[in-house]
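Trainee: give me coordinates for this.
(2 chains)
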Amino acid sequence: MNAGSIIEAALREGRSKLLEHEAMRLMELYGIKVADYGFAETGRKAREVADKIGYPVVVKVVSPDISHKTDVGGVVLGLKSGEEVERACEAITKNVKERQPGARLTGFLVQKMMPPGVEVIIGATRDQVFGPVIMFGLGGIFVEVLKDVTFRVAPVSYQEAIEMLGEIKASRILEGYRSQPPVDKEAIAGMIVSLSKLMEDNPYIISVDLNPIIAYSRGAVVVDARVIVSRAGVVNR
Amino acid sequence: MLEFFFNPSSVAVVGATPKEGKVGRVILENFKNKFKGEIYPVNPHYQEILGLKAYASVQEIPGRVDLVVIATPARTVPGVLEDAGVKGVKGAIIISGGFRETGTQEGAMLEDEVKRVAAKHGIRVIGPNCIGVLDNWSGVDTFFLPEDKMKRPPKGYVSVISQSGAFASALLDWMAHHGYGLSKAISFGNKIDVDEVELLNYLVEDPTTNVIFLYLEGVREGRGRDFIDTARKVSRVKPVVVYKAGKTKRGGIAAASHTAALAGDYTLYTTVFKQSRLLEAVSFDEIMDLVKVLSTQPLMKGRRVYIVTDAGGVGVMLTDAIELNGLEVPETPADLKERLRSVLPPHCIVENPIDLTGDTDDQRFMTVLNELLPRNDVDAVVVVALPQVPGLRGELFEYLVTAKRYGKPMLVVLIGGGLTLEYKKFLEENGIPVFESPERLARALSALYTYSRIRMQGGVS
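Mentor: This is a model prediction of the structure:
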C-alpha cells in the first residue's frame, strides 16, 4: 500500500484517525524508522508475529473507536513469551469490553519493546494560513508541562532541522548528561525532514504526533504514531 | 505594478465635497495642497469644488484617470467602480466603510459585488474600509484626517504598511512629532485585493524606502507561503520590522493532536517571522526603537560594542543590557588601554565601559572616540553623555555628527529633562538615535546586529 491509498481507505471508511499499523506503515514509506511491529487479528496470530519480531514485545489494541488505549486497558508492556502475548490479547479484549462496550476490535499491534533512551517528540499540523508546520521537542514533562518546543513551516531543510534541535531550552539534554552519551542528532533531523515531506505530499493529513520517539547514540525509533486525516484540511500548497 | 497607487498622473476623488469636516473634503484638500498631477473632484451636486471643476461621474472626466479615490456610501461603491472600469482606471482606493466588517449579510454581499466589478475591469483595489495611501514623495494623501488633527511626518525613507488605519494615523502623528521621516504609509482595511504580500513586493523596489514597518493582524488563508517567500526576498534587501496584533481566523479543524494544540496562532507567526528573517517588535516601544536604529545606522560588522560614559552606573546598566541581548562588551585590548591611559587623566577608567567620570568635558569624549572609531575591533559605540555634568557644552554632539564618516553605528544615551530633550532633538535630526533606557537601546542595537547578519549571509541562515 502506498501513502495515498492508506489515507484514502481511512477517509472512505469515515475514520479520521489512522489505525496504529497504518500510521506505522505510512512512516516507513517515508523512511522514518519505527519500532519493529506487526498487525494481528487474533491472539494466536499475535503470538506468531511476536515470535518473528523477537521478545520482549508490547501489545496494543487496534480499534477505530478507541482514542486513548491505556485508559481502557488496551496496552500491555514487557511480554517475554508467546504465551504471555496470547494472554495479553485475551486480557485486552476483556478490558475493552468492560470499559468501552461497543468499541470495535480490529485486532492487535505487536511491537518490539524498545530499550530506554532520550524521548523526543516530532509533530506536524496543517495551518490554514501557512500550511504544514513541523514541531520538535523533548518528550515527557518538557512538552507537557514546560511546552518547550520549536516550530518550522514546511518545507524544513536538514540544516533547519538541526537548528530546531538546538533551539529548545532543554537542548543540552541531547548532548548527553551524566552517563548518557549524546543522541544521534542526524537521525532526529532526518525524521523532521521526512515528516515535512510527508505533510507536503499528503494534503489530507491534518496532524501527526510521533510521540514518543526514542533516540539513542545511534539512531532513533518511533514508538507511537498518531495520524489525523480529513478532506477539510486542504489549503493552498 | 502598483505604481498608479503611489504615483498617478491623475486622480479622481469620488465623493469630494466642499462641506467642512467631511472625509471627501479633507482628501480633496490633501491632493490640492500636495499633489502635482491632475485632480478631478466627482460629485453630481456641484459644478465646482474648492476651485476645481467638478464632474457628475468618473466617465464624464475628459482626460485619462489613473486612480480613483472613493469616499461615498457603501451601496454606491459598485456603481462608481463600474464607471471607473468603463473609463479604464487602473486603481481604486476605497475609503468607504459598510462592507464585510459590519458583520451584516448586506455588507458582505456589497463587498463581493465590489470584488466582482473590480475583477471584471481589472481594477486593482486598496480597501475598502481603509484610509488608503500617504506618499510623501508624490503627494498622494488619502488619509482623511485633517492636518490640524494628524500631522504628516517629514519626507523620509521609512514606509509603513498597516492593517489598522487608526494605528497607522496615530503612529504617523507620533513620527511627525518626533521628526522621523516617512516615505509611504498604506492602510488596506478589508484587503479584498492588494495585501501585505504585494505591498512588500512593491516596496522592496521602491528607491525611497529603506526600512519597512509592517503592522499585521493576520495573513489570509492559504497566502502564508507567498508571505514567507516574499518576506524572505525583501529581508535580503531591506530590513522589515513587524508587529503582530490580534488573532487570525483559524479553520474549523479541531486540535486533534498535541502538536496542533501547541501550535498557537502567535507561536506560528513568531516562527514565520524568524524563518523569513523579519525583525519582530514585541511592544509598541520597540516598533519605533527598531525603526529608528535600522533607518539611520550602518550595518554592524561584528558584535563588539564599546561604551564611553560620563556616568559609571549607566555604563554598568548598559553593559548588562547589551550582553543580555547577545552582544559583547569586550575588555579593552592592551594597546588601546595604553593609548587611552596616555591621553586621559589617571582617575578615568579605561576598561570598557570607558568611564570619563563626572569632571569630563566635550574634548575628553572626542579624544576617546577618535581612538575608538577607526579601530577594526570596534563594531559599534554607545556614548553615554548625561548632560548634567558641568563640562558638557554640546560640542560633543556636533562632533558625533561629523563622526558618522567612520561608518559605524553610534547610539547615544541621554537621561534627564529640558536640556536633554534639546540635545536629543539635535542628534536625532542628524540621524543619531538617542535613548533614555539602556534596555531599549540594547534591544534595538541587537536587532541591528541580527539584521546585519541577515545581510552578510544574503538573507539565509
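Trainee: find the closest residue to chain B in chain A.
Mentor: Closest residue of chain A to chain B, CB to the nearest CB: residue A:123 (2.8 Å). C-betas here are computed from N, CA, C, even on glycine.
Trainee: bridging residues for that residue?
Mentor: Note on residue A:123: beta-bridge partners by DSSP bridges are residue A:135, residue A:209.
Trainee: tell me the residues on chain A that lie near chain B, please.
Mentor: Neighbours of chain B within chain A, by CB under 8 Å from any CB of the partner chain: A:16-17, A:121, A:123-131, A:133, A:135, A:143, A:147, A:149-153, A:159-160, A:163, A:206-209, A:211, A:226, A:228, A:230, A:232-233, A:235-237.
Trainee: just checking, which of these belong to strands?
Mentor: Among the residues of chain A next to chain B, DSSP state E puts A:121, A:123-127, A:131, A:133, A:135, A:149-153, A:206-209, A:211, A:226, A:228 in strands.
Trainee: may I have the worst-scoring helix or strand of chain A on mean pLDDT exported as PDB, CA atoms only?
Mentor: The weakest-scoring helix or strand in chain A, judged by mean pLDDT, DSSP states H and E, is helix A:141-144 (a mean of 83). The C-alpha atoms that make up helix A:141-144 are tabulated as PDB, following Å, rounded to 0.1, in the frame of the first residue of the first chain:
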ATOM      1  CA  ILE A 141       7.300  17.000  31.000                       C
ATOM      2  CA  PHE A 142       9.300  19.100  28.600                       C
ATOM      3  CA  VAL A 143       6.500  19.100  26.200                       C
ATOM      4  CA  GLU A 144       3.500  18.600  28.500                       C
END
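Trainee: got the contact list for that helix?
Mentor: Contacts with helix A:141-144, where a contact means CB atoms under 8 Å, 6 or more residues apart in numbering or on different chains, come from A:121, A:137, A:148-149, A:168, A:170, A:173, A:211, B:258, B:262.
Trainee: apply 10 Å and report the result again.
Mentor: When contacts are defined by CB atoms under 10 Å, 6 or more residues apart in numbering or on different chains, helix A:141-144 is touched by residues A:119-121, A:123, A:135-137, A:148-149, A:168-170, A:173, A:209, A:211-212, B:258-259, B:262.
Trainee: burial measure for residue B:444, as a count.
Mentor: Residues near residue B:444, counting by other CB atoms under 10 Å in any protein chain shown, number 27.
Trainee: my bad, should have said residue A:127
Mentor: As a burial measure, residue A:127 scores 24 neighbours (other CB under 10 Å).
Trainee: residues contacting residue A:11?
Mentor: By CB under 10 Å, 6+ apart, the residues touching residue A:11 are A:204, A:229-231.
Trainee: from these, list the buried ones, please.
Mentor: The neighbour-count test (16 or more other CB atoms under 10 Å in any protein chain shown) marks A:204, A:229-230 as buried among the contacts of residue A:11.
Trainee: can you report phi and psi for residue B:85?
Mentor: The phi/psi pair for residue B:85 (degrees, to the nearest 10) reads phi -60, psi -50.
Trainee: so which bits of stretch B:331-346 are buried?
Mentor: B:332, B:336, B:339-340, B:344.
Trainee: going by distance to residue A:104, which of those residues wins?
Mentor: residue B:332 (75.4 Å; CB to CB).
Trainee: mind showing which ranges of chain A have poor pLDDT?
Mentor: For chain A, applying pLDDT under 70 flags the ranges A:233-237.
Trainee: hey, where'd the helices end up in it?
Mentor: A:3-12, A:20-29, A:43-53, A:82-99, A:141-144, A:158-167, A:185-201 (DSSP state H).
Trainee: what about those helices, which gets the closest to residue B:414?
Mentor: Of all these, it is helix A:158-167 that lies closest to residue B:414, at 37.0 Å by CB to CB.
Trainee: what's in contact with that closest one?
Mentor: Counting by CB under 10 Å, 6+ apart, A:120, A:122, A:134-137, A:148-154, A:156-157, A:171-172, A:174-175, A:183, A:185-186, A:188-196, B:274-275, B:460-461 sit against helix A:158-167.
Trainee: torsion angles phi and psi at the residue in the stretch 251-400 of chain B positioned nearest to chain A?
Mentor: Taking CB to the nearest CB as the measure, the stretch 251-400 of chain B has residue B:259 as its residue closest to chain A, at 2.8 Å. Dihedral pair for residue B:259: phi -60, psi -50, per degrees, to the nearest 10.
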